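J.: The following comprises the amino acid sequence and a computationally predicted model.
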Amino acid sequence: MKIQILGTGCPKCHKLAAEAEQAAKELGLSYELIKVTDINEIMGFGVMITPALAVDGNVKFAGKVPGVEEIKKHLK
Amino acid sequence: MSEVCACGGNPALLYTCSGAADVGELADLATRQLSRSKKGAMSCLAGIGGNISGFIKSTEGADKVLVIDGCPLGCARKTLEEKGLQNFKHLTITELGFKKGQTEVSQVSIDKVCASASELLGLCK
């Protein structure tokens, strides 16, 4: 599973990356965490607000850091 | 989207029908002017209709969304609603006194639409 964190690198982006990693570990997933920080690449996902999280290229949410438990629901 | 991190304060997302009629053109041009003047960020209605997850999820997560339709057919509004999106304000150009097929698309008319849109977004005109 490829987990992509879309954001240019502010504290919220880092928090989302950390929470996503924790969620993936707690679920025992085999994953690769990728931080997408280039704004043009982010826009290529159709993402207009950040931070956002995508799984295998499919955006699951944007504009929020929802917490570990909520992220788990998107990773299952 | 501007070239800064948008995490701190996300802009209002703007959608327009961009329809073929004069009022659709007016809706489109007004939306572009609002976006260029940083009163919001124009997003792609086709991306919603095309089921692109990034556009849909960005709209779900936006603090403010404004949809501008040219006429009462409300194609832009219906496009969002088809995807379960309800969290938006809506403006119809013909409700501002413009008539479909009889509207001159000018800077004056664009400014009038922008003023109404700004009011809906709670911004200064």
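T.: Sure thing, it's come through. Numbering: from 1, shown residues only, chains lettered A, B, ... in the order given.

J.: CA only for contacts and neighbour counts going forward, please
T.: Noted.

J.: Tell me which stretches of the chain form helices.
T.: All of this refers to chain A. A:11-26, A:39-43, A:68-75 (DSSP state H).

J.: wrong one, I was asking about chain B
T.: B:22-36, B:45-49, B:53-61, B:75-82, B:107-120.

J.: With mean pLDDT and mean neighbour count added, can I get the helices of chain A in CSV?
T.: Shown next, in CSV, are those (pLDDT from 0 to 100; neighbours: other Cα atoms under 10 Å in any protein chain shown):
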stretch, mean pLDDT, mean neighbour count
helix A:11-26, 96, 19
helix A:39-43, 96, 16
helix A:68-75, 97, 15
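
J.: Check the helices of chain B for me and report the most buried one.
T.: helix B:53-61 (a mean of 24; mean count of other Cα atoms under 10 Å in any protein chain shown).

J.: which secondary structure elements does that one contact?
T.: In this structure, helix B:53-61 makes packing contacts with strand A:58-62, helix B:45-49, judged by 3 or more Cα pairs under 8 Å, 6 or more residues apart in numbering or on different chains; DSSP states H and E.

J.: From the rest of the structure, what touches it?
T.: With Cα atoms under 8 Å, 6 or more residues apart in numbering or on different chains as the test, helix B:53-61 has contacts from A:45-49, A:58-64, B:13, B:43-44, B:47-48, B:65, B:83, B:85, B:87.

J.: which of those are buried?
T.: A:45-49, A:59-64, B:13, B:43-44, B:48, B:65, B:85, B:87 (16 or more other Cα atoms under 10 Å in any protein chain shown).

J.: Could you list the contact residues of chain A toward chain B?
T.: Taking Cα under 8 Å from any Cα of the partner chain as the measure of proximity, chain A contacts chain B at A:7-10, A:12-13, A:39, A:43, A:45-51, A:58-64.

J.: Apply 10 Å and report the result again.
T.: A:7-13, A:37-40, A:42-54, A:57-65 (Cα under 10 Å from any Cα of the partner chain).

J.: sorry, back to before: now distance to residue B:61 too, for the helices of chain A, in a markdown table please.
T.: Conversion of those to a markdown table gives the following (distance: least, Cα to Cα, whole Å):
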| stretch | distance to residue B:61 |
| --- | --- |
| helix A:11-26 | 14 |
| helix A:39-43 | 15 |
| helix A:68-75 | 14 |
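
J.: and residue B:114, which of the ones you listed is closest to it?
T.: Proximity to residue B:114 (Cα to Cα) singles out helix A:39-43 among those, at 25.2 Å.
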